[in-house]
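>>> show me how the following folds:
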Amino acid sequence: MIIRTFAALAVAALLAGCSSDSAQNAAATGQGGGSSLGAAGPGGLAGPGGGRAGANARPGSQEDLAANIGDRVYFVTDSSSVGADQRPVLERQAAWLQQYRQVTVVVEGHADERGTREYNLALAQRRANAARDVLVSQGVAGTRVSMISFGKDRPAALGSDQQAWAQNRRAVTTVR
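Sure thing, here's the model as predicted:
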């Protein structure tokens, strides 16, 4: 009985930590959602940063990008098109990359848990490509931007509901 209670508490603490990290991560990046999510995006958060790490971030670092610019864009279900509401995030990233010309980045493509592994890997690759294409169209040298697809293998939010899926349909720009 004691072991079951302890196991239940451990699982609850783990899940609470995961949901807290997702909320903090969304707050740190402050990105809007895809077209079906409205301007605020997953979790109703709007605008980059949320003031969490922006003041203490080293210029040109991943923390600087995430807190002050925004490191991710979101997509609608089964789409790899960058929505009009997400394009400004990538435009800010391009301007940031122009400022820090020594920085190279990887655009990570992600998908929600629905669909086969193969489908989600291909969709996530198209999402990474679409985000990269916007960065390059804004003047960032293509040699500075590589891509990787994680499909559904690295969810930002755990759960099988619309809110979790919306947070997992994304492309994340990470500093190398």
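>>> give the contact list for Val136.
142, 145 (CB atoms under 8 Å, 6 or more residues apart in numbering). C-betas here are computed from N, CA, C, even on glycine.
>>> can you do 10 Å?
With contact set as CB atoms under 10 Å, 6 or more residues apart in numbering, Val136 has these partners: 94, 142-145.
>>> quick one: it from Ala130, how far?
To Ala130, Val136 is 11 Å away according to CB to CB, to the nearest Å.
>>> can you give me the strands for this structure?
72-74, 105-110, 145-151, 170-175 (DSSP state E).
>>> let's have those strands in a markdown table, adding mean neighbour count, distance to Tyr119 and mean pLDDT.
Below are the strands of the chain laid out as a markdown table (neighbours: other CB atoms under 10 Å; distance: least, CB to CB, whole Å; pLDDT from 0 to 100):
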| stretch | mean neighbour count | distance to Tyr119 | mean pLDDT |
| --- | --- | --- | --- |
| strand 72-74 | 28 | 19 | 98 |
| strand 105-110 | 24 | 13 | 98 |
| strand 145-151 | 18 | 8 | 98 |
| strand 170-175 | 24 | 16 | 98 |
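>>> what's the spacing between Asp133 and Ala95?
16 Å.
>>> same check on Ser61?
Separation of Ser61 from Ala95 (CB to CB) stands at 16 Å.
>>> hang on, the earlier thing: select only the buried ones of the contacts of Val136 in PyMOL?
Selecting the buried subset of those in PyMOL, with 16 or more other CB atoms under 10 Å as the burial test, is done by:
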select buried, resi 94+144+145
